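>>> my questions are about this predicted structure, shown below with the sequence.
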Amino acid sequence: MPTVIKKLDPGAYQLKDQVVAINRVTKVVKGGKNLSFAALVVVGDPTAAVVGYGSGKAKEVPQAIRKGIESAKKNLVRVNLTHTSIPHAVLGRFGSGMVLLKPAPEGTGVIAGGAVRAIMTSVGIQNVLTKSIGTTNPHNVIKATFDALKKLKNKEFVASVRGKTAEEL
């Protein structure tokens, strides 16, 4: 039986938005060129370890950003974290892009590029090492990062799978 993923309510969190990329798109039509904008936005609550991404398209930049924020609020994800880092190293993939996330000791900071950095700060991770491999397309990098974050397991879950207590690990 497939597992049912409960949707997170965006009203329950203090979400902060961050624009990752704005793209100007031109469509050539018979009468000339139609100009529009596409915005890629990440929203998150660092205190609750919740993050989401979305994209919006409109004729003006502010409307595109607003649409991106609304889209991001609809696909929020809760992330398993330790105190200020991630529990274990993980590799996320999407398309030709791969993102490697490694836990880092206290005081390291967020070592990450643009799109990955936006997600890490939005979710509240303070110490992490990242490497983006393959593509530099921000859409694919963000989707690969979310794939990696969804793969993170907490200590209690791993202990229950192995039939041990969390202290034994």
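That came in fine, so what should we check first? Residues are numbered from 1 along each chain as shown.

>>> what strands line up against the strand or helix carrying Thr26, and which way round?
Remark: Thr26 resides in strand 16-29, with elements defined by DSSP states H and E. Strand 16-29 sits in its sheet next to strand 32-45 (antiparallel), going by DSSP bridges.

>>> residues of whatever helix or strand comes next after the partner strand that come out buried?
Tracing the chain past strand 32-45, the next element assigned as helix or strand by DSSP H and E is strand 50-58. Within strand 50-58, the residues scored as buried using 16 or more other C-beta atoms under 10 Å are 50-56, 58. In this view, the C-beta of every residue, glycine as well, is placed from N, C-alpha and C.

>>> given strand 50-58, what are its sheet partners and their directions?
As defined by DSSP bridges, the strand partners of strand 50-58 come to strand 32-45 (antiparallel), strand 77-78 (antiparallel).

>>> in the first one, what's buried?
Think strand 32-45. By neighbour count on 16+ other C-beta under 10 Å, the buried set for strand 32-45 is 36-45.

>>> just send the residues you listed back as TSV, with distance to Val25 and pLDDT too.
Formatted as TSV, the entries for the buried residues of strand 32-45 read as follows, by distance: C-beta to C-beta, whole Å; pLDDT from 0 to 100:
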residue	distance to Val25	pLDDT
Ser36	5	95
Phe37	7	96
Ala38	6	95
Ala39	11	95
Leu40	13	95
Val41	16	94
Val42	20	94
Val43	22	93
Gly44	26	91
Asp45	31	89
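
>>> out of these, flag the one nearest to Asp17.
Nearest to Asp17 among those, counting by C-beta to C-beta, is Val43 at 4.7 Å.

>>> what's opposite Arg78 in the beta bridge?
Assessed by DSSP bridges, Arg78 has beta-bridge partners Val50.

>>> look at it and say how many residues are nearby.
The tally of other residues near Arg78 (other C-beta atoms under 10 Å) stands at 16.

>>> same deal with the one 10 residues further on?
By other C-beta under 10 Å, 16 other residues sit near His88.

>>> can you check Gly107 too?
By the measure other C-beta under 10 Å, the count of residues near Gly107 is 8.

>>> wait, it sits on Asn127?
Yes. In this structure Gly107 lies within contact range of Asn127 using C-beta atoms under 8 Å: 7.0 Å.

>>> can I get the buried residues of strand 32-45 in TSV with distance to Pro103?
Shown next, in TSV, are the buried residues of strand 32-45 (distance: C-beta to C-beta, whole Å):
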residue	distance to Pro103
Ser36	41
Phe37	37
Ala38	34
Ala39	31
Leu40	27
Val41	27
Val42	21
Val43	24
Gly44	19
Asp45	21
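
>>> next, the contact list for Gln126, please.
Gln126 makes contact with 84-85, 109-110, according to C-beta atoms under 8 Å, 6 or more residues apart in numbering.
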